[in-house]
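**Q** just the structure for this:
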Amino acid sequence: MQLTMPEEIMLLLLDDRTGRPVGLPPPAADFAIAGAVLMELSLHGRIDTDLEQLVVSNQRPTGDGVLDEALALMAAKPGQDSRFWLGEIGSRGEKLRDALLNRLVLGGVLKLEEGRFLWVFPDRRYPKAAEGAAEVKEVRRRLRDIILSGDIPDPRDALMIGLCRATGLVPLLLTPPELEETVSRVDQIADLEELNRSLAEVIRQLQASMVAFTGLA
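**A** Sure thing, here's the model as predicted:
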């Protein structure tokens, strides 16, 4: 099964052992998924984006429900920049996560297990399905191997690593000692793609705005 960037980000956001979400603040996870949607649409030739503007260059549907819903939103409201659309798509984070998780379950990558926590609170987990274990392992292993090697990644993997850097997901790929040793390598890979540089700056601005707003609240 060929996974999209939003699907791969969704897998990284789940603990491999428990199938529960990793302990990231919701904004980081939402921005990661929103960034993956924009990157996937860019790779499909549907949008062009930088710090100043985002333009829908082709409105033809991709056939992917998550991508096409975002594409339709952007086509209906032209003139907005990447910052606006990262925030707008990110605000739909819960809906996007549900759609991506359901698709991964239907595709046999994950399985849904529902129960009760402390016999009262609903508990939903998405552990790896036996037939989908290879896809789950492949995402983390592939990105990790690229960082630890001297190989030049293809554009898709460079974008994924850049998105992981911008949203704080790199620690999910590497051990603490590896993190210390590969800071410059991660930066080198992420900076290969102009889209990484522009979206990373937008994500930093959004996160800084949220921190400032929280501090004032």
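**Q** check contacts around the nearest residue to Leu101 once chain neighbours are set aside.
**A** Nearest non-adjacent residue to Leu101, counting by Cβ to Cβ, 6 or more residues apart in numbering: Tyr126, 5.7 Å away. C-beta coordinates here come from the backbone N, C-alpha and C atoms, glycine included. Tyr126 makes contacts with 14, 19-20, 101, 104-105, 110-113, as judged by Cβ atoms under 8 Å, 6 or more residues apart in numbering.
**Q** quick one: the helices in this protein?
**A** Using DSSP state H, the helices of the chain run over 5-12, 26-43, 65-76, 82-90, 93-106, 133-148, 155-167, 176-181, 183-190, 194-216.
**Q** redo these as TSV? Include distance to Asp50 and mean neighbour count.
**A** Shown next, in TSV, are these (distance: least, Cβ to Cβ, whole Å; neighbours: other Cβ atoms under 10 Å):
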stretch	distance to Asp50	mean neighbour count
helix 5-12	19	26
helix 26-43	11	24
helix 65-76	15	17
helix 82-90	7	20
helix 93-106	23	17
helix 133-148	25	17
helix 155-167	14	23
helix 176-181	29	11
helix 183-190	16	16
helix 194-216	5	15
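**Q** now those helices as a markdown table including mean pLDDT and distance to Thr49?
**A** Converted to a markdown table, the helices of the chain look like this (pLDDT from 0 to 100; distance: least, Cβ to Cβ, whole Å):
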| stretch | mean pLDDT | distance to Thr49 |
| --- | --- | --- |
| helix 5-12 | 94 | 14 |
| helix 26-43 | 90 | 6 |
| helix 65-76 | 96 | 10 |
| helix 82-90 | 90 | 5 |
| helix 93-106 | 93 | 18 |
| helix 133-148 | 82 | 23 |
| helix 155-167 | 91 | 12 |
| helix 176-181 | 94 | 29 |
| helix 183-190 | 93 | 16 |
| helix 194-216 | 70 | 7 |
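**Q** could these go into CSV alongside distance to Asn58?
**A** Listed next are the helices of the chain as CSV, based on distance: least, Cβ to Cβ, whole Å:
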stretch, distance to Asn58
helix 5-12, 18
helix 26-43, 9
helix 65-76, 9
helix 82-90, 16
helix 93-106, 22
helix 133-148, 27
helix 155-167, 18
helix 176-181, 38
helix 183-190, 26
helix 194-216, 16
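**Q** if we can go back for a sec, strands - which of the contacts of Tyr126 land there?
**A** Glu113 (DSSP state E).
**Q** can you tell me which of the contacts of Tyr126 lies closest to Thr167?
**A** Leu14 (15.0 Å; Cβ to Cβ).
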